[in-house]
Structures are given as C-alpha cells and as structure tokens.
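> Sequence plus the predicted model coming up.
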Amino acid sequence: FAKCLHKNKVLNENKKVAILVKDDSVKEKVGKELASSAENDFGTEENYESLEGNYYDDFIDTSFAEKYNFLSQKDYNIRSMLGNFDENSEASGLEDIVRAVKIHAMPPKEAKDEEAIIILSPQSQAEIVGVRSLVTKYRESKTIIIFNCKLEPLPMELMMSETIYSILPLIARSKGPVVDEKAPKPPKIVLMKRYPRDWELYIDIDNGLGFEFVDSFPSDQFGRKGPSMDKIALSTKNHMKSRFQGLR
C-alpha cells in the first residue's frame, strides 16, 4: 500500500492526506513503512525483478502515474483513529469511542488542510463506530477512501460507497476426483474492478495465450461486490466450451 500511495499522487497543491489506522501501535509501524518507501526509487528495473512470474502483471497499468510525483512526508499526516483506547475495557462504551475519534482522528487544526482521508484496514467494532462518525462528518467535504475494508456488517453510512479497485484471483476445480493425470490444468480466473470500468472477468486456460478477457458485468447492476460465483462460473463454462469447440 505504501508503494501505491507514493506512486499515485493525486493531490491538489498545498493539500494533504490524513492516513488513519486503528491505534497508536499500528500508527508507529505504518509510519516507519511509509518513511522507508519514500526513500526508495520504485521506478528502477531492479526493484521490479521480484514481480516477475506474477500471474496478474498483465492487469497492472501504472502508466497514468508517471506524471505524478512521490508523496513526501510533508504531504500526509498519519494518525490513529482511537489513540491508546482499549476497546476491550469494561469501562469503554460508545461515547468513549466517539470521544477518542474526535481527539485523535481529525484534530481541527490539521484537518482543515487535508482534502482526503484514507482509513487502513478497519475491522473491529470500535472502528465501525469510528468510521461511521468520520463518514457522517466529512462525506460532503473530503474524499474518503477505505483500504482493505473488513467491516462486518457494513455500516449504513457506506451503503452508497463504490468499489474503485478490486482483484479476486480464483481457480476453477472439478467437483469430482481427477482421474486423468494428463488432463488440462484448471483455468486461472481473475475478477477485476478498475474504476471507471465495469467488473471484468479474465481467464487463462493454459493454451499459451495467457489471460483473455471473457465477460464484463455492469457496475450499476452488480454493485460493490461484483457478480456472484454462479455468474462467474457460467461465464467461465461458456468461454471454455467455445474455446474447446474451436479446437476440434
């Protein structure tokens, strides 16, 4: 995430980003990672050697990022949503969580210069309260991005949110036992969402052509989570059927 954040700067001049993590212990770790990544040059061939062999490199398009500069530490503020708040304490209640968020997440003096809020991997019950509070207060004035959201259930304040980027790698497997060892390898499948595009399905059936575009699913119909497994399975089945028929 640190690499993506530095590579894709989309801020207006003199504006900052607020990066919010759960508590003070996580804040220290993320701060060190961001500071370390800022000192590296991610554009060199040497630093990308480790990505070779990645099945999904074909779908990573970073050409648009070349016109942007790296984020430096002056461009963002890292804060904890809850400070050192102990959500497991018997004394902690809803009002205590809201109070902690007001104090630690968005101090007024710093918040006025921040145009975006990035919330990293929220998943606890206390963070649900924090996210609801922040979205209610800032949804009209700031861009709010939730990275790797694990909130269950999803707060009602996020029901109108949109998935900007998602990648779901899958492998199709036979329901029965594999008898023929020379049988074709199961196809590799990738379901992707890249704003402003619709959901897209790519399949590699190990025929030397790599991943091929198979189907798309309108975002306005399939929402944040994309098509169901049944829809994906049907598209995969139809694609494989047409491919194998073409080989006969």
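Everything's here; your move.

> Sketch out the low-pLDDT regions of this structure for me.
Applying pLDDT under 70 to the chain flags the ranges 1-15, 37-74, 89-92, 174-184, 246-248.

> ok, 50 please
Residue ranges of the chain with pLDDT under 50: 1-3, 5-10, 41-70, 248.

> residues in contact with Q123?
Q123 makes contacts with K150, L151, E152, as judged by Cβ atoms under 8 Å, 6 or more residues apart in numbering. C-beta coordinates here come from the backbone N, C-alpha and C atoms, glycine included.

> give the contact list for the last one.
Okay, so that is E152. Q123.

> could you redo the last one with a cut-off of 6 Å?
The contact partners of E152, taken as Cβ atoms under 6 Å, 6 or more residues apart in numbering, number zero.

> any idea what it is structurally, helix, strand or coil?
Taken by DSSP: H, G, I helix; E, B strand; the rest coil, the conformation at E152 corresponds to coil.

> one step back: Throw the contacts of Q123 into TSV and include distance to S124, thanks.
Shown next, in TSV, are the contacts of Q123 (distance: Cβ to Cβ, whole Å):
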residue	distance to S124
K150	9
L151	9
E152	10
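
> of these, closest to Y202?
K150 (25.3 Å; Cβ to Cβ).

> Assign a three-state SS to the closest residue to that closest one other than its chain neighbours, would you?
Of all residues not flanking K150 in the chain, Q123 sits nearest, at 3.8 Å (Cβ to Cβ, 6 or more residues apart in numbering). What three-state DSSP gives for Q123 is coil.

> Let me know the closest of the contacts of Q123 to E115.
L151 (23.4 Å).

> how many neighbours does the closest one have?
The number of residues packed near L151 is 18, by other Cβ atoms under 10 Å.

> For it, which residues are in contact?
Contact analysis of L151 by Cβ under 6 Å, 6+ apart lists P122, I128.

> make it 7 Å
P122, Q123, I128, V131 (Cβ atoms under 7 Å, 6 or more residues apart in numbering).

> Doesn't the last one belong to a helix?
Yes: read with three-state DSSP, V131 is one of the residues of a helix.

> What's the separation between it and C149?
Applying Cβ to Cβ, to the nearest Å, the value for V131 to C149 is 9 Å.

> okay, and the common contacts of those two?
Common contacts of V131 and C149 (Cβ under 7 Å, 6+ apart): P122.
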